[in-house]
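Visitor: Next comes the sequence, and after it the predicted model I'd like to discuss.
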Amino acid sequence: MSTPTDPGAGQQPDPWQAPPEGAPGQPAPPPPAYGQQPYGQPTPPPAYGQPYGQPTPPPAYGQPGYGQAPYGQAPYGQAPYGQPGYGYPQQPASAYANWGQRVVSSLIDTAPGLVLGAIFGAARVPALAILFYIAGIAWAFYNAWQGGATGQSVGKKAMGIRLLNEENGQSIGGGLGIGRYLLHVVDGVPCYLGYLWPIWDAKRQTFADKILHTVVVKQ
């Protein structure tokens, strides 16, 4: 009867082949140094722009770090110091509506109903006077809303001017349009100085315009 034989029996070990890890008579591999990968595990690839196996050196004195703009230059998306940022560019004085255009526009937006109410009140027709007063107030608020929502009330459209946010050149919205109309109360204190301010102001703004950062420009 034949006996099973070991396939490797009688074969000499290859002296050029490394013995398996943990084989008898072989020393264990040394532990990895601090910051190095364990024995037998691949080293991860370096970060983009970083030399293999070397840390990123700190920036030299006076040089910007990663993601920072050089000294004297504005970060990405911002305008240099002293220059207007992105959005609505600064306009020359001739681009803003003059005082006469603003006055006529305001009269169209607010005066008709109030004038008629005063006329019928003087004629001792109280019912019509009250009716026109109410209609005049509604007309004024409607135009304030339109001026904020679209940039043009009926009076501004008739005069070829437009109300805008001075920071981005967009309409300010109907709610702020009404708020601006109510805020004109500060233009009457003292002595209606705020209503006269556009005569000499560089941006032709009233006090209410300066508070809300609005301008009225020619269309």
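Guide: Sure thing, it's come through. All values reported here derive from a predicted model rather than from experimental measurement. Numbering: from 1, shown residues only.
Visitor: use CA for all of it now, contacts and neighbours both
Guide: OK.
Visitor: Could you give the secondary structure assignment for C191?
Guide: What DSSP: H, G, I helix; E, B strand; the rest coil gives for C191 is coil.
Visitor: Distance check, it against V185.
Guide: 11 Å (Cα to Cα, to the nearest Å).
Visitor: and the two? which has more neighbours close in?
Guide: Taking other Cα atoms under 10 Å, C191 and V185 do not tie; V185 has more neighbours (14 against 9).
Visitor: what kind of secondary structure is that one in?
Guide: helix.
Visitor: gap between it and Q170?
Guide: V185 is 24 Å from Q170, by Cα to Cα.
Visitor: Over to Q90?
Guide: In terms of Cα to Cα, Q90 sits 14 Å off from Q170.
Visitor: Now do the strands in the protein.
Guide: 161-165, 214-218 (DSSP state E).
Visitor: And those strands: which comes nearest F120?
Guide: strand 161-165 (32.3 Å; Cα to Cα).
Visitor: And for V103, the neighbour number?
Guide: By the criterion of other Cα under 10 Å, V103 has 15 neighbours.
Visitor: Same question for the one 10 residues further on.
Guide: Neighbours of G113 under the rule other Cα under 10 Å: 23.
Visitor: thinking it is in contact with I137, fair?
Guide: Yes: judged on Cα atoms under 8 Å, G113 makes contact with I137 at a distance of 7.3 Å.
Visitor: For the closest residue to K156 other than its chain neighbours, the count of nearby residues, please.
Guide: Nearest residue to K156 in three dimensions, chain neighbours excluded: S105, at 5.2 Å (Cα to Cα, 6 or more residues apart in numbering). By the criterion of other Cα under 10 Å, S105 has 21 neighbours.
Visitor: which residues sit in contact with S105?
Guide: Contact analysis of S105 by Cα atoms under 8 Å, 6 or more residues apart in numbering lists 154-156, 158-159.
Visitor: let's see 10 Å
Guide: Going by Cα atoms under 10 Å, 6 or more residues apart in numbering, S105 touches 99, 152-161.
Visitor: before we move on, what about I119?
Guide: 113, 125, 128-129, 132.
Visitor: what does I137 give?
Guide: Listed by Cα under 10 Å, 6+ apart, the contact set of I137 reads 109-114.
Visitor: same deal with I178?
Guide: Neighbours of I178 in contact, by Cα under 10 Å, 6+ apart: 140-149.
Visitor: what does A208 give?
Guide: 179-187, 194-195, 214.
Visitor: are any of these buried, and which?
Guide: The neighbour-count test (16 or more other Cα atoms under 10 Å) marks 179-181, 183-184, 186-187, 194-195, 214 as buried among the contacts of A208.
Visitor: can you list the weak-confidence ranges in this protein?
Guide: 1-89 (pLDDT under 70).
Visitor: Give me the buried positions along stretch 190-201.
Guide: 194-198.
Visitor: Specify which member of these is nearest to G121.
Guide: Y195 (27.4 Å).
Visitor: Pull the contacting residues for the nearest residue to that closest one once chain neighbours are set aside.
Guide: Excluding the flanking residues, the one nearest Y195 by Cα to Cα, 6+ apart is D187, at 5.4 Å. Shown in contact with D187 (Cα under 10 Å, 6+ apart): 193-197, 206-209.
Visitor: The same query, at a cut-off of 8 Å, please.
Guide: 193-195, 206-208.
Visitor: From F207, how far off is it?
Guide: For D187, the distance to F207 - Cα to Cα - is 6 Å.
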